[in-house]
Each structure stands twice: as C-alpha cells, then as structure tokens.
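Chemist: Quick one, what's the 3D model for this:
(2 chains)
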Amino acid sequence: MDNDVVIKFDKVTKTYKLYKDDKKRFLGLFFKNIKYKEKKAVNNVSFDIHKGECVALFGKNGAGKSTILKLITGVTYPTEGKIEVNGRVSALLELTSGFDQEFTGRENIFLKGQILGIKDEEIKELERPIIEFAELGEYIDQPVRTYSSGMKARLGFSINANIKPEILIIDEALSVGDEAFRRKCVSKINEITSKKDVTLLFVTHATNTARDFCQRGIVMKKGKAIFDGDINSAIENYNTIIDKKASKKLNLSIDMNNIS
Amino acid sequence: MEGLNDFIKILKEHWRFRQQLLKLAKADLIKTYRGAALGWAWAIIKPVVQIFVYWFGFQIGLRTSKVVNGYPFFLWLIAGQVPWFYMNDMLTAGTESIRKYSYLVTKMKFPVSTIPTFVSISKMTINLLLMVIVMILYVCFGFSPTIYWLQLIFYILISFGFWTTWGLLGALLAAISKDFANLVKSFVSFLFWFSGILWNPDTVKVIWLRKLLRLNPITYLVTGFRDCLINKVWFWEKPSRLLYFLIAWGAMLIMALWAYRKVRKDIPDVL
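Modeler: Prediction:
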C-alpha cells in the first residue's frame, strides 16, 4: 500500500442477508435451506483516498453511502473484497448514539477514549476542551440518559471533533443543536481540515457546501460508484441523477393529471 | 484449523484490550448497583434473601436437612449456593451481554469476543465478595480454615473459565436470536434444581442417575466447592470427574468457536 493512501477499497461488496424474522435467521445458522433475500448495499466498489484529501460522497438515500462509512469505521465487515484504513478514524455520524446511557457525560468521554485506544493522560488533556465545547455545564456529571437529544449530539460532536482525528467522517445530518452551535461546528470542522494531514470524508446532499470543502467527489448509485473524479464533474453527475428522478416524478404527475 | 486461528485471534484481542476490559468490568459493576437507593447493599441483600428462602424451606419447612459431615445444613447450603449465583448470572446476564452492550458493536469498532469476558469479570468480582462472606461465616460458626480452602482458587478459576466460554457461545447466539436468550432463561431453574445445588448428588439412590449427574459440569463445580469447605477432598482424588468436566468445557469451547466464526461478522448488521 502506498504510503499516503489512508483509505483503500479493493473490489468491496457488502451483502445483507434478509431473513423473514429472527427465528429464520437463527435456524439459518444450522440449516442451509432456510430462505433469505440478498441485498447488495455496496457492489464492487474500489477507490483510494490519500492523506489530506477532502472527498465528498454523493448519492440518493439507499445508494450505499452509510454502508461505506460503516465499513470505513470498521463497525461492519465487507462480504467480499478488502479494506485498508490507516489512522485514527473519527466519525460524526449518529451523534446521539454510542453512549452508555447509565454513565455520566464525563465517564462517557473516558470510555470512548479508552475504546479508541487513547492513553489516559491524553484523554485527561482532552477532557476540558471537550466539555467546554459541548456547552453542557453541570450536566456533564449527570447520566447520559437524562440528556436531551440535542445535548447528546453536542457531546458526541465534541468528543469526535476534539480527539485529534486523522480521518474525519461527517454525515450530512449535521443538525447539532441550534444555529449558533451549528456554526461553531462548521468552524471546528474547518479548523480540523485545514491541517494538512487530516483526511475528510463528507457525505451530503448539499452540493454547494461540498464544493467549499472538497476537491474530489464520488457518486454512488444503487451500491455502485458510478463516478469518481473532480468535485465539479461529480456534482454535475449527481445532479443528472436527481434530475432524472425529478423529471420522472413530473411525468408521473402529468399522467395523473391526464387521467383525472 | 480455522477454529484454532479464531481461538488465537480471540486471545490476542483480549490481550490488546486488557485495560479496557478491566475498566468496562468495573463500569458494569458500578452500573448494576448504582442508581438504586440501597446501591451496593443489593449485592448482598439479594443473595441473602435467596439463601434464607431455601434454608427456611428445607430446614424448617421440609425438615429434610441434617448435619453434613459435621457441618450444619446452613453451611453446607451456602458452600454450593454462592458459587451458583455466579453461574446463574452468567446464564442470564452473560447470555444477554452482547445484546446489552450492542452500542459497543454497532457504533464503534470493538472486539465482540471480549464483551462476555468483561461481564464475566464483573459478575465474578461480586461472587468473590460473597465467597469471602461465606468464609467469615464458617469461622463464625467455629470452623477454622483448613488447607483445603486453598483449593477454592482452583475451582473459582475453572468455574470462571467454563462460564466465560459459555458467555461467548450464549451471547453470540442470543445476539442473533432473542428467542435463544429466552430459551436459556427458562432453563435456568431447571439447571438449578437438577444439578444438586440444594441436595447432595452423591446420595441419589438410583445408580444410573447418580452416574449421569457426575457428567453435569454444574454438579462438578458445586461439589468441588463443597469438597474444599466441607468434604475435604482434593480435586486429583477424583480424576475421572475432572476429565468429564474438561471434556464438557472443551466441547463448549469448540461450539463457541464455531458460533464465533459463523456469526461474528453478522452481529453488527443484526443488532
């Protein structure tokens, strides 16, 4: 592997096995003839992302973007193909989850840091900036189950953004708290990505925001990467997909009008 | 061969995450008892109530219990019942451990094989505390420690190993199917009553049944604890029973490795 390739997808396919119910899935462990449907969420995708690159990932819902992110974070495994990731991955997705509900915010900071393999001294150093950024005040020593979803999202963002990530993954739904906090998040992301060796992967529908951050775009459609290249062409390509869908809808509504 | 590779992989994961495991075990322990008004007292109250119920039922109600090897029935009872509390925890909480800690699997990269282990460490810690209380009670009743008490370490270790192995098998299967967890739960009281925790399996009159019970790993462990505290028997004096136990443990390990290979990669997608 190239020294500066931080994420490498080599003919990666992810197939989900869909059973009718839990019982069928359990029986499927023992018997081969239990029926299930296969869904290819990611289909034969290959790409290299280099250190310091900012890449936007486009695609309609269900195009396989989230699965790609999960594969990069190592949460889920590829069915076929190989994935290599070098560096500390910090994923700003599903910010409200991934906490131990019974633990206080402060304890969760430590838990998360420990699981990510960060040394205790380093977590102690990061603790203060994380708490300050999250603006939780006294709540930091209350169990996370008492938090509102906005508070959880703030803490989640704060942890992930402050642990000095080498690879930062941002999901579109950056609707963290109110407008002021959202702006704070954006400037934090800018601050992180301005560092040369931080790689950014940005998933979004907002093409203009993507243009601000990224130089490269990958367009996903039905699990396949149909375009991979410079950002402007990627946005153009993505827009044609959406337009097709939009025009289909338009035709449909015209047909409906004709019928009625 | 594949199983052996998986086994090495699991051991490596445990080593790499050893510090996190201890912290998560501590966290599990704190979580179990924090929040309730009496907090840590529950760790003692619950087992005390259970022991009292069985002691009352047998000694006062049925009047079946008598002195065993010179020890009062109560001391004989707790020597087996207290180790069972840990086994009981592993059959219930151990089986559900991966489900309970699903956020470790679905939201971050965490080795799934280590989840039952830290839950097991947490449950064993409580059990060790109870074992100390048992020993204090023995002394209070006027039975001073014997050299056989040292053997407790042996039985605690093999019990921990056996039930942690079970935890891996049970929790993997329960993660795939909730039905499995329910099935195991409904078997707990069956195992409790059939494994000779409240009655002496060596006094069973039916010979084939008595022999069958010797194959039961739970019976082996419970009897082992009583051998340390009451019967004064070393484990090497019953080599064939130890062999049966080791075979059962090995079979459990093979099944756990099979389940691990089969479902490990599916678990994040299912939970």
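Chemist: buried ones in stretch B:91-105?
Modeler: Judged by neighbour count (16 or more other C-beta atoms under 10 Å in any protein chain shown), stretch B:91-105 contains these buried residues: B:91-102, B:104-105. All C-beta atoms are positioned from the backbone trio N, CA, C, and that covers glycine.
Chemist: pLDDT weak spots in the stretch 51-200 of chain A?
Modeler: The stretch 51-200 of chain A contains residues with pLDDT under 70 at A:92-97, A:172-177.
Chemist: for chain B, what are the nearby residues on it?
Modeler: A:70, A:73-77, A:94, A:97-100, A:102-103, A:107, A:111-112, A:114-116 (C-beta under 8 Å from any C-beta of the partner chain).
Chemist: Of these, which belong to strands?
Modeler: Among these, none falls in strands (DSSP state E).
Chemist: In chain A, mark out all the helices, start to finish.
Modeler: A:22-30, A:65-73, A:105-115, A:120-134, A:149-162, A:179-194, A:207-213, A:231-259 (DSSP state H).
Chemist: elements contacting the fourth one?
Modeler: Put plainly, it is helix A:120-134. helix A:105-115, helix A:149-162 (3 or more C-beta pairs under 8 Å, 6 or more residues apart in numbering or on different chains; DSSP states H and E).
Chemist: related to what we said a few turns ago, show me which of the buried residues of stretch B:91-105 neighbour chain A.
Modeler: Answer for the buried residues of stretch B:91-105 near chain A (C-beta under 8 Å from any C-beta): B:Leu104, B:Val105.
Chemist: Can you convert the buried residues of stretch B:91-105 into CSV and add a column each for pLDDT?
Modeler: Below are these laid out as CSV (pLDDT from 0 to 100):
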residue, pLDDT
B:Leu91, 94
B:Thr92, 92
B:Ala93, 91
B:Gly94, 93
B:Thr95, 93
B:Glu96, 92
B:Ser97, 93
B:Ile98, 93
B:Arg99, 91
B:Lys100, 89
B:Tyr101, 89
B:Ser102, 86
B:Leu104, 84
B:Val105, 85
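Chemist: Quick check: bridge partners of A:Val45?
Modeler: A:Val12 (DSSP bridges).
Chemist: can you count the residues close to it?
Modeler: As a burial measure, A:Val45 scores 24 neighbours (other C-beta atoms under 10 Å in any protein chain shown).
Chemist: My understanding was that it contacts A:Phe9; is that so?
Modeler: Yes - between A:Val45 and A:Phe9 there is a contact under C-beta atoms under 8 Å: 5.5 Å.
Chemist: which neighbours do the two share?
Modeler: A:Ile68, A:Gly81 (C-beta atoms under 8 Å, 6 or more residues apart in numbering or on different chains).
Chemist: And the helices in the stretch 1-150 of chain B, which stretches?
Modeler: B:2-16, B:18-33, B:41-55, B:73-89, B:97-100, B:102-106, B:115-140 (DSSP state H, counting those that start in this stretch).
Chemist: what residues does the fifth one touch?
Modeler: Contact partners of helix B:97-100, identified using C-beta under 8 Å, 6+ apart, comprise B:93, B:105, B:112, B:115-116, B:119, B:167, B:171-172, B:174-175, B:178, B:181, B:267, B:271.
Chemist: change it to 6 Å
Modeler: B:Ile115, B:Pro116, B:Val119, B:Ala171, B:Ala175 (C-beta atoms under 6 Å, 6 or more residues apart in numbering or on different chains).
Chemist: Quick check: pLDDT value at the fourth one.
Modeler: Okay, so that is B:Ala171. Predicted confidence (pLDDT) for B:Ala171: 94.
Chemist: got it, and the third one?
Modeler: Predicted confidence (pLDDT) for B:Val119: 94.
Chemist: what's the closest non-adjacent residue to B:Ile267?
Modeler: Among residues not flanking B:Ile267 along the chain, B:Ala175 sits closest, at 5.1 Å (C-beta to C-beta, 6 or more residues apart in numbering or on different chains).
Chemist: Then B:Glu13?
Modeler: B:Pro111 is the one closest to B:Glu13 (C-beta to C-beta, 6+ apart), at 3.9 Å.
Chemist: how many other residues sit next to that neighbour?
Modeler: 19.
Chemist: likewise B:Leu246?
Modeler: 14.
Chemist: Turn the helices of the stretch 1-150 of chain B into CSV, columns for distance to A:Thr204.
Modeler: Below are the helices of the stretch 1-150 of chain B laid out as CSV (distance: least, C-beta to C-beta, whole Å):
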stretch, distance to A:Thr204
helix B:2-16, 35
helix B:18-33, 33
helix B:41-55, 49
helix B:73-89, 46
helix B:97-100, 33
helix B:102-106, 23
helix B:115-140, 34
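Chemist: closest one to A:Lys222 among those helices?
Modeler: helix B:102-106 (24.2 Å; C-beta to C-beta).
Chemist: Contacts made by the closest one with the rest, please.
Modeler: A:Gly98, B:Phe110, B:Val112, B:Ile267, B:Pro268, B:Leu271.
Chemist: now the residue nearest to A:Lys184 when sequence neighbours are not counted: how far from A:Met151?
Modeler: Leaving aside its sequence neighbours, A:Lys184 sits nearest to A:Phe133 (C-beta to C-beta, 6+ apart; 7.7 Å). According to C-beta to C-beta, to the nearest Å, A:Phe133 and A:Met151 sit 13 Å apart.
Chemist: which residues are there in the stretch 101-250 of chain B that come within reach of chain A?
Modeler: Applying C-beta under 6 Å from any C-beta of the partner chain, one finds that the stretch 101-250 of chain B approaches chain A through B:Tyr103, B:Lys107, B:Met108, B:Lys109, B:Phe110, B:Ile176, B:Ser177, B:Lys178.
Chemist: how about those in TSV, adding pLDDT?
Modeler: Written out in TSV, the entries for those read as follows (pLDDT from 0 to 100):
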residue	pLDDT
B:Tyr103	83
B:Lys107	78
B:Met108	78
B:Lys109	78
B:Phe110	82
B:Ile176	86
B:Ser177	85
B:Lys178	85
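Chemist: which of these count as buried?
Modeler: Here, 16+ other C-beta under 10 Å leaves B:Lys107, B:Met108, B:Lys109, B:Phe110, B:Ile176, B:Ser177 buried among these.
Chemist: ok, and which of the helices and strands packed on helix A:120-134 has the densest surroundings?
Modeler: Neighbour counts (mean count of other C-beta atoms under 10 Å in any protein chain shown) averaged over each of those peak at helix A:149-162, with a mean of 22.
Chemist: which helices and strands sit right next to that helix?
Modeler: The helices and strands touching helix A:149-162, judged by 3 or more C-beta pairs under 6 Å, 6 or more residues apart in numbering or on different chains; DSSP states H and E, are helix A:105-115, helix A:120-134.
Chemist: Surely A:Arg216 and A:Val55 touch.
Modeler: Yes - counting by C-beta atoms under 6 Å, A:Val55 is a contact partner of A:Arg216 at 4.8 Å.
Chemist: quick one on the thing from earlier: farthest-apart pair in the contacts of helix B:97-100, please.
Modeler: Largest separation among the contacts of helix B:97-100 by C-beta to C-beta: B:Val119 and B:Ala175, giving 13.0 Å.
Chemist: wait, what's in contact with the residue nearest to B:Tyr260 when sequence neighbours are not counted?
Modeler: Nearest residue to B:Tyr260, sequence neighbours excluded (C-beta to C-beta, 6+ apart): B:Asp6, at 5.6 Å. Going by C-beta under 6 Å, 6+ apart, B:Asp6 touches B:Leu257, B:Tyr260, B:Arg261.
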